[in-house]
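Enquirer: Sequence and predicted structure, then a few things I'm wondering about:
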Amino acid sequence: LLPATKDVVRGSFKKKSEVRGHLTKLKELQADFKSRLQDKEGFVLSSSLEQSLDSVVKDVTWLTRTFPYAALQSDTLPTAQEDGDMTDSSKPSDGTQSVAIPWDLLVSLHERLPDPITGPGGDISRVSLRVKELFEVASQWQDEVTNQMSLSFRGGARRRSAEEDEVPKINMERLAQLAQHPILARVAMPREEAVRKVLDRAHDFEESLAGLLNTDFEGIQADKTPYPESDSLVSKNGDFLLYRLTGSTLFEELKATLRKMSKIAADVLADTPGKMAFDWIVKAVAWIQDLQEAVDDTSSTKGRGSGKLAILSSNAEQLLERGNNLFLEFTDDVRRTLAAHKISLSTNKQTERLTVVIGKGGALHSLGGTAINWCPLLLQWLKADVERLEEWEREVIDLSKAFQSMTTNSKPHDRESIYKLLQLQEKAASLLDNGRESLVISPQK
């Protein structure tokens, strides 16, 4: 039986029944001799012959474990065609279905490779080389997927230490290539499903992002008039310009859309450029909402047309700092993603200005594009109003110093001193009137 094994395993995939029958006889012989050795009766094998029999049984058993997987019959890996379809030259000529090898089984086969020197050779040696090759390529695929995706092997989000400030982002183009890798035609990888889920969810998210940025809003009271020109949050006729955006049906639709997209984004277990751009838009809209909430409408001068709605100076300064950080310092991924949707962002570090341009073919009145267009306007108006307050406060300080100097150096009942004091009082009254009429940012009490 032992000498015949080499011929039996030659072309084993075409005569699986014969190989299995031969293995059964080898196991029966092995069991018979072990029984004789245990009972110390009859003829027993020499130790070297017994080792050879055990080795052949192990090797042929190993070979039969590969029979269900036709991918091991071929000497070449499947190749990817230009159109993305894959051909698998491992498909058997007898018409049986090619079955991908489970990754854990491939690992087990690799760990138990037959000895190439003492083994029976034939198909066992050939299949051993195939297992080595598949294991090497599959391991490389597994390692690259692990590096690409911020997921654990269980498919959940990979934990990061508190020291990690940035989340590694996925190269979606490369991940799509990995999803079409020829090795997947032969080896059923445990992370293949996770890869396809990330791609599917990312695709759904990108479609939602395209709707946010590429589709004009056609709802009730759609505002398609030109953006206002102003140097303040309050226009010359007294309208609080922020309310034109935040009081519109477009803004309500925008907030509802962002809530829906946030649920989709939560399922994208990857930091894609599109998701980073979406996060930036969410932060921008949150900044606009915070600006609206900072408006004080409880004063006696409240009203959009008559009085001047005010923002407390401390709140204005915080909003201005947040706005500068958000709108003047954003990543290239955000810039490139928006550019792909015909929305161009550019910053001028000297003037500290963000410029937004909707390019040819872009949606001029999309939900996302409209909000992005408003951001630099609101930021510059807020900045101008803060600077206007700072100038007013400097004048107040100078006037206060003049009063102190007057009271310290003037002579009692001196006509000139009284005249200067009256001038200072008139200037103080003028400053107060000017503050009530022109200041949008209210000073600290």
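Expert: Here it is on my side, so go on. Numbering: from 1, shown residues only.

Enquirer: surely residue 68 meets residue 99?
Expert: Yes - between residue 68 and residue 99 a contact is recorded at 5.8 Å, counting by CB atoms under 8 Å. Bear in mind the C-beta positions are built from the backbone N, C-alpha and C, glycine included.

Enquirer: residue contacts, residue 265?
Expert: Taking CB atoms under 8 Å, 6 or more residues apart in numbering, we find residue 265 in contact with 205, 275, 278, 279.

Enquirer: Could you say which helix or strand holds it?
Expert: If you go by DSSP states H and E, residue 265 is part of helix 249-266.

Enquirer: which secondary structure elements does the following helix or strand past that helix contact?
Expert: Going down the chain from helix 249-266, the next helix or strand is helix 273-293, by DSSP H and E. Here helix 273-293 touches helix 192-214, helix 242-246, helix 249-266, helix 313-328, helix 332-340, helix 367-409, going by 3 or more CB pairs under 8 Å, 6 or more residues apart in numbering; DSSP states H and E.

Enquirer: can you give me how far the following helix or strand past helix 273-293 is from the chain middle?
Expert: Next in sequence after helix 273-293, counting helices and strands by DSSP H and E, comes strand 295-296. Here the centre of strand 295-296 is set off from its chain's centre by 36 Å, with CA atoms, centre = their mean, to the nearest Å.

Enquirer: Next: stretch 437-445.
Expert: 42 Å.

Enquirer: which residues sit against stretch 382-401?
Expert: 231-234, 291, 311, 313, 316-317, 319-320, 323, 352, 424, 427-428, 431, 434-435, 438-443.

Enquirer: how about it: buried residues?
Expert: For stretch 382-401, the neighbour count (16 or more other CB atoms under 10 Å) marks 382, 383, 384, 385, 386, 388, 389, 392, 393, 395, 399 as buried.

Enquirer: Rounded mean pLDDT for the host helix or strand of residue 130, please.
Expert: Assessed by DSSP H and E, residue 130 sits inside helix 123-148. Across helix 123-148, the average pLDDT comes to 89.

Enquirer: Let me see the contact set for residue 339.
Expert: residue 345.

Enquirer: quick one: residue 416 and residue 427, what's the gap?
Expert: 17 Å (CB to CB, to the nearest Å).

Enquirer: which one of these two has more residues nearby?
Expert: Comparing residue 416 with residue 427 by other CB atoms under 10 Å, the one with more neighbours is residue 427, at 15 against 9.

Enquirer: so which strand or helix has the more buried one?
Expert: Short version, using DSSP H and E: residue 427 is in helix 415-438.

Enquirer: elements contacting that helix?
Expert: Where contact means 3+ CB pairs under 8 Å, 6+ apart, helix 415-438 is packed against helix 367-409.

Enquirer: And the helix holding residue 265, how far out from the chain middle?
Expert: The chain centroid and the centroid of helix 249-266 are separated by 18 Å under CA atoms, centre = their mean.

Enquirer: where does the stretch 101-250 of the chain dip in pLDDT?
Expert: The stretch 101-250 of the chain contains residues with pLDDT under 70 at 117-121, 150-169, 221-222.

Enquirer: Columns distance to residue 420 and pLDDT on top of the buried residues of stretch 382-401, output as TSV?
Expert: Shown next, in TSV, are the buried residues of stretch 382-401 (distance: CB to CB, whole Å; pLDDT from 0 to 100):
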residue	distance to residue 420	pLDDT
382	38	95
383	36	94
384	33	92
385	32	92
386	32	92
388	28	88
389	27	89
392	22	86
393	23	84
395	17	82
399	12	81
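
Enquirer: Same list (these) but as CSV, adding distance to residue 246.
Expert: Below are these laid out as CSV (distance: CB to CB, whole Å):
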residue, distance to residue 246
382, 14
383, 19
384, 19
385, 17
386, 20
388, 22
389, 22
392, 26
393, 28
395, 32
399, 37
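
Enquirer: Just give the nearest non-adjacent residue to residue 279, would you?
Expert: residue 265 (7.8 Å; CB to CB, 6 or more residues apart in numbering).

Enquirer: Tell me the spacing between the one you found and residue 368.
Expert: 14 Å.

Enquirer: One more: residue 253?
Expert: In terms of CB to CB, residue 253 sits 11 Å off from residue 368.

Enquirer: Check residue 428 too.
Expert: 48 Å.

Enquirer: Name the residue in those two with the higher neighbour count.
Expert: Comparing residue 428 with residue 368 by other CB under 10 Å, the one with more neighbours is residue 368, at 28 against 16.

Enquirer: where does the stretch 251-400 of the chain dip in pLDDT?
Expert: For the stretch 251-400 of the chain, applying pLDDT under 70 flags the ranges 269-270, 297-308.

Enquirer: avg pLDDT for the strand or helix carrying residue 7?
Expert: Element membership of residue 7, judged by DSSP H and E, is helix 2-9. The average pLDDT for helix 2-9 rounds to 70.

Enquirer: circling back to that earlier point, tell me which of the helices and strands packed on helix 273-293 sits nearest to residue 17.
Expert: helix 192-214 (32.6 Å; CB to CB).

Enquirer: can you give me the offset of that closest one from its chain's centre?
Expert: On CA atoms, centre = their mean, the centre of helix 192-214 falls 10 Å from the chain's centre.

Enquirer: how about it: buried residues?
Expert: Applying a neighbour-count criterion of 16+ other CB under 10 Å, one finds 192, 194-195, 197-199, 201-202, 205-206, 208-210, 212-214 buried in helix 192-214.

Enquirer: quick one: it to helix 249-266, angle?
Expert: 170 degrees (axes from the mean of the first three to the mean of the last three CA atoms, to 10 degrees).

Enquirer: hang on, residue 311 in a helix?
Expert: No - with DSSP: H, G, I helix; E, B strand; the rest coil as the criterion, residue 311 is strand rather than part of a helix.

Enquirer: Could you report the neighbour count for it?
Expert: When neighbours are counted by other CB under 10 Å, residue 311 registers 25.
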